[in-house]
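[1] task: produce atomic coordinates for the following.
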Amino acid sequence: MWKRSTLTQDERFSPAICAKLLRSGHSRECSTYQRVCVRFSQAPEHQDRGTSHPAEPLILGLALLVAVVAVVASATNVETVSRVFTLEHISVSEASAAVQPLLSEHGSLILQPSRSRMTVQDLPQVVEQVAVLVADIDHLPESYSIQVVLFEGRPEPYSVATQAHIDQRLRKMFKFPSFRQLGSAVLEGELGSPAQADLGGGFQISFLAHTPEYSEDTPWGAPDPGDRIHIRPLILKRVSIEPDGTQEIEILLRTNVLIAPKQKVYIGAGTSEDADNGLVLIVHSQDSGGS
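    The predicted model follows:
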């Protein structure tokens with residue numbers, strides 16, 4: 001507590017001291033200091049009877065104090081707004097990475113990946129900029145390009161002409177010593193349209209590619225799918241002609257695949273005609289038009 005008895009006539013109200021107290025967070029001490037200085041200047045025992053002291057220094061000090069308090073108040077009472085963005089086609093992590101450079105020093109993000117939601121709080125003009133950015137990046141991929149390759153694996157080696165050179169991941173996942181490629185195809189199209197292709201040797205592939213569906217009905221929501229394509233259903237079948245001319249269709253694989261850009265998915269596709277052999281389907285998401 002500031003005490004009047006410790007003040008001398010030279011210790012009139014000092015705006016610099018009060019500003020220092022404000023900067024250090026001691027606003028209550030500053031107010032007390034101001035009141036004591038005012039009382040000191042008005043006390044009869046501290047008046048100089050032979051000299052007249054004008055009130056201008058005190059008035060100037062009070063004006064400076066008001067200015068300092070106004071600056072502090074304006075710095076802390078910044079008007080911000082918040083807006084919730086529900087993302088449809090990109091992940092919350094991708095959206096937040098794009099938005100963060102736009103935020104001011106008053107901005108903040110609240111992320112809810114399980115519900116594909118992002119809450120932005122910032123200055124009104126910044127939130128408007130974020131809204132424009134999200135509208136630009138949260139959209140459907142225009143098209144897709146999916147390559148499918150079918151391999152057969154078996155214990156005995158194939159001939160040099162048919163032996164396939166495979167990557168280490170395929171060899172680790174499927175323990176066949178030898179592989180040969182049965183066929184491949186690249187399927188391109190617009191999301192939501194069905195696709196079908198012949199792989200050769202009577203094998204056919206078909207699927208419907210679209211954006212993933214996820215629900216907010218559960219308490220936790222569903223995982224944020226991000227920039228992925230849902231292939232549902234993916235069907236591998238073998239078509240053969242019987243001696244009587246009838247066509248026989250055997251479904252070898254029916255599954256769903258959630259695939260990210262440039263990702264490869266390895267799927268065991270059942271057995272071949274030989275019980276010791278196995279089929280492996282590789283699904284590769286490429287850039288539109290191939291990569």
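[2] what residue spans form the domains of this protein?
    As given by automatic domain parsing, the domain ranges for the chain are 4-76, 81-137, 144-286.
[3] and the last one, average pLDDT?
    What that stands for is domain 144-286. The average of the pLDDT scores along domain 144-286 is 85.
[4] check the shortest one too.
    Here the mean pLDDT over domain 81-137 is 92, rounded to a whole number.
[5] from one end of it to the other, what's the distance?
    Domain 81-137 has its terminal residues 22 Å apart, counting by Cα to Cα, to the nearest Å.
[6] what's the neighbour count on Val149?
    20 (other Cβ atoms under 10 Å). The way it works is simple: take the backbone N, C-alpha and C, and place the C-beta from them, glycine included.
[7] swap in Leu187?
    19.
[8] that one against Asp198, yeah?
    No - between Leu187 and Asp198 there is no contact, the gap being 11.0 Å when judged by Cβ atoms under 8 Å.
[9] give me the neighbour count for the residue nearest to Gly270 when sequence neighbours are not counted.
    Distances taken as Cβ to Cβ, 6 or more residues apart in numbering put Leu252 closest to Gly270, at 4.4 Å, once the chain neighbours are dropped. The tally of other residues near Leu252 (other Cβ under 10 Å) stands at 17.
[10] could you pull up the residues touching Ser178?
    Contacts of Ser178 were listed using Cβ atoms under 8 Å, 6 or more residues apart in numbering, and they are 153-158, 163.
[11] hang on, Ala135 in a helix?
    Yes - with DSSP: H, G, I helix; E, B strand; the rest coil as the criterion, Ala135 is part of a helix.
[12] before we move on, back to that, so what are the sheet partners of the strand or helix carrying the residue nearest to Gly270 and their directions?
    Using DSSP states H and E, Leu252 sits within strand 247-259. Strand 247-259 pairs in its sheet with strand 229-241 (antiparallel), by DSSP bridges.
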